[in-house]
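S.K.: I'd like to go over a predicted model; first the sequence, then the structure.
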Amino acid sequence: MSSIPPPEVFRVSTVQVACDGSGEISPALGHPRVFLRIDPEVGYVECGYCDRRFVYIGGPADTQAA
C-alpha cells in the first residue's frame with residue numbers, strides 16, 4: 001500500500017517553520033497559525049491542518065539534494 005503524496009512540499013533551510021494554510025488564498029481562508037519543528041533525523045514535518053510537508057534542505061528526506 002503506497003502513501004498519498006502531500007498536496008504541497010516546501011523546501012526550507014531552518015528546522016523551525018510556521019504554517020497558516022495561506023499561499024495562493026487569503027490568510028483569512030487558511031487555518032490557525034501553527035509552529036512546527038523538523039526532526040533532523042527524519043528531515044521533514046507535515047502540518048496537521050493542511051498536510052503541507054516542510055522538508056529540511058540537505059536532510060534525509062530532501063530528494064532534491066545535490
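M.R.: Received, thanks.

S.K.: only C-alpha atoms from now on, for both contacts and neighbour counts.
M.R.: OK.

S.K.: strands along this structure, start to end?
M.R.: The residue ranges that make up the strands of the chain, judged by DSSP state E, are 9-12, 16-19, 34-37, 44-46, 53-56.

S.K.: which of those sits most buried?
M.R.: Counting by mean count of other CA atoms under 10 Å, strand 53-56 has the highest mean neighbour count of the strands of the chain, with a mean of 24.

S.K.: need the CA coordinates for that strand. CSV is fine.
M.R.: Output of strand 53-56 as CSV, limited to C-alpha atoms (Å, rounded to 0.1, in the frame of the first residue of the first chain):
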residue,chain,number,x,y,z
ARG,A,53,5.1,19.0,4.0
PHE,A,54,8.2,21.0,5.0
VAL,A,55,11.5,19.3,4.0
TYR,A,56,14.8,20.4,5.5
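
S.K.: low pLDDT regions in this protein?
M.R.: Scanning the chain for pLDDT under 70 picks out the ranges 1-2, 65-66.

S.K.: wait, residue 13 touches residue 57, no?
M.R.: Yes. The pair formed by residue 13 and residue 57 meets the contact definition of CA atoms under 8 Å, at 5.5 Å.

S.K.: what's the local residue count around residue 20?
M.R.: Per other CA atoms under 10 Å, the neighbour tally for residue 20 reads 17.

S.K.: quick check: phi and psi on it?
M.R.: Phi and psi for residue 20, reported as degrees, to the nearest 10, are phi -130, psi 10.

S.K.: now the one 4 residues further on
M.R.: Per-residue torsions, residue 24: phi -80, psi -10 (degrees, to the nearest 10).

S.K.: residue contacts, residue 43?
M.R.: The neighbourhood of residue 43, defined by CA atoms under 8 Å, 6 or more residues apart in numbering, consists of 55-56, 59-62.

S.K.: and residue 31, by the same measure?
M.R.: Taking CA under 8 Å, 6+ apart as the contact definition, residue 31 lies against 20-22, 49.
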